[in-house]
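>>> Below is the structure, and that's it, no one-letter string:
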């Protein structure tokens, strides 16, 4: 694909095998796991808590991503040649990428919820009404719905070099990028990528530091859970955010070196596949952060420990 710097993006042959393989794996593992999690946390979990509400919404966002994957698999198996209607590309592509950012946002909400429960337990006990979480979830879905609607109403996407095939949500024309995609890209980078990552990478280590002061088996397991979540964030999301920033700088012609642009082109394919892989790792987190590791018991332990300290007792024990 030719661009403003007269560089030609490499064909990246590996993507025709990488994307279908990762997407099929995500469907086989992620779809049953997220459907089960959505059912359990939406129907079976009583009473509802902020944590269960965020988990339900995260599972719903993951399910929405997974439902788009069969068309994406077909697209990549056809060597990035979209054979369906342009309107179908616009709708499914918008839903796919919007729900990726919804997934990141709800992971951030879970992070803040766990941070408040462990670092500020007294404040959390006063504000843990499920209505707060429900209001946050509704606002996030409304923002996503409005963004999707605005994007779709702006009409079909104009692609660049059609000799490479009929692309879907890539290979955009320069005018398309300048008129529509640039403002959307900047907003999603800041509020859908960098800010959530910063919150997760700050809140979870602070929570881990506080929990590590509790010398119980439950607390130590919870610390391992936090580090697991951080590892998944670093593996699946942070590389995509960093490469997306570089991709944006490339599209703005800040990065003009052809070899660097080629490396960004290839790296973007890998990191986009890693984001989809997150959908089959989330069900593992649902299990680890609830029934097996007992966040509720940990919260009670920490509250009891703070009360004991105020009474002059400096050892923390489970009530």
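Yes, it's here. Because the structure is predicted, anything quoted here is derived from the model rather than measured. Residues are numbered from 1 along each chain as shown.
>>> Burial check on residue 210, number of neighbours?
17 (other CB atoms under 10 Å). Quick note: C-beta positions are derived from backbone N, CA and C, even for glycine.
>>> Do you know the pLDDT at it?
At residue 210, the pLDDT value in this model is 77.
>>> got a list of contacts for the helix or strand it falls within?
For residue 210, the host element (DSSP states H and E) is helix 195-211. Helix 195-211 is contacted by residues 104-105, 107-108, 111-112, 114-115, 118-119, 219, 222-223, 226-227, 229-230, 233, 237-238, 241, 298, 302 when judged by CB atoms under 8 Å, 6 or more residues apart in numbering.
>>> go with 6 Å
Identification of contacts with helix 195-211 by CB atoms under 6 Å, 6 or more residues apart in numbering yields 104, 108, 111, 115, 118-119, 219, 222-223, 226, 230, 233, 238, 241.
>>> Same question for stretch 231-239.
Contacts for stretch 231-239 (CB under 6 Å, 6+ apart): 197, 200, 271, 274-275, 277-278, 281.
>>> Just the buried residues from these, in ChimeraX please.
The following ChimeraX line selects those of these that are buried, judged by 16 or more other CB atoms under 10 Å:
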select :197,200,271,274,275,277,278,281
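>>> and the contacts of stretch 231-239, which of them are in helices?
197, 200, 271, 274-275, 277 (DSSP state H).
>>> and the strand or helix carrying residue 94, how far from the chain's centre?
Under the criterion of DSSP H and E, residue 94 resides in helix 86-119. Helix 86-119 sits 5 Å away from the centroid of its parent chain (CA atoms, centre = their mean, to the nearest Å).
>>> tell me the angle it makes with helix 195-211.
Helix 86-119 runs at 20 degrees relative to helix 195-211, counting by axes from the mean of the first three to the mean of the last three CA atoms, to 10 degrees.
>>> Go through the helix or strand just after helix 86-119 and flag the buried ones.
Counting by DSSP H and E, the element after helix 86-119 in chain order, helix or strand, is helix 121-127. Residues 121, 124 are the ones in helix 121-127 that count as buried (16+ other CB under 10 Å).
>>> for helix 121-127, packing partners?
helix 295-310 (3 or more CB pairs under 6 Å, 6 or more residues apart in numbering; DSSP states H and E).
>>> could you point out where the stretch 1-150 of the chain is predicted with low confidence?
Residue ranges of the stretch 1-150 of the chain with pLDDT under 70: 1-11.
>>> circling back: nearest to residue 150 among the contacts of helix 195-211?
Of all the contacts of helix 195-211, residue 150 sits closest to residue 104, with 19.9 Å by CB to CB.
>>> Could I get the contacting residues of that closest one?
Here residue 104 is in contact with residue 196 (CB under 6 Å, 6+ apart).
>>> and it, how far is that from residue 198?
Noted for residue 104: a distance of 12 Å to residue 198, by CB to CB, to the nearest Å.
>>> ok, back up a step: tell me which of the contacts of stretch 231-239 is nearest to residue 68?
Proximity of the contacts of stretch 231-239 to residue 68, judged by CB to CB, is greatest for residue 275, which lies at 12.6 Å.
>>> Nearest residue to the closest one in space, please, no chain neighbours.
In space, and not counting its chain neighbours, residue 275 is closest to residue 240: 5.0 Å by CB to CB, 6 or more residues apart in numbering.
>>> Wait, the one you found touches residue 273, no?
No. Here residue 240 does not reach residue 273: they are 9.4 Å apart, not a contact under CB atoms under 6 Å.
>>> Could you pull up phi and psi at residue 154?
Residue 154 has phi and psi values of phi -80, psi -10 when expressed as degrees, to the nearest 10.
>>> mind starting the numbering at 15 from now?
Sure thing, new numbering starts at 15, so read that last one as residue 168.
>>> How about it, nearest residue that isn't a chain neighbour?
residue 194 (5.7 Å).
>>> Quick check: pLDDT value at the one you found.
As predicted, residue 194 sits at a pLDDT of 79.
>>> all strands of the stretch 165-314 of the chain, in order?
Counting by DSSP state E, counting those that start in this stretch, the stretch 165-314 of the chain forms no strands at all.
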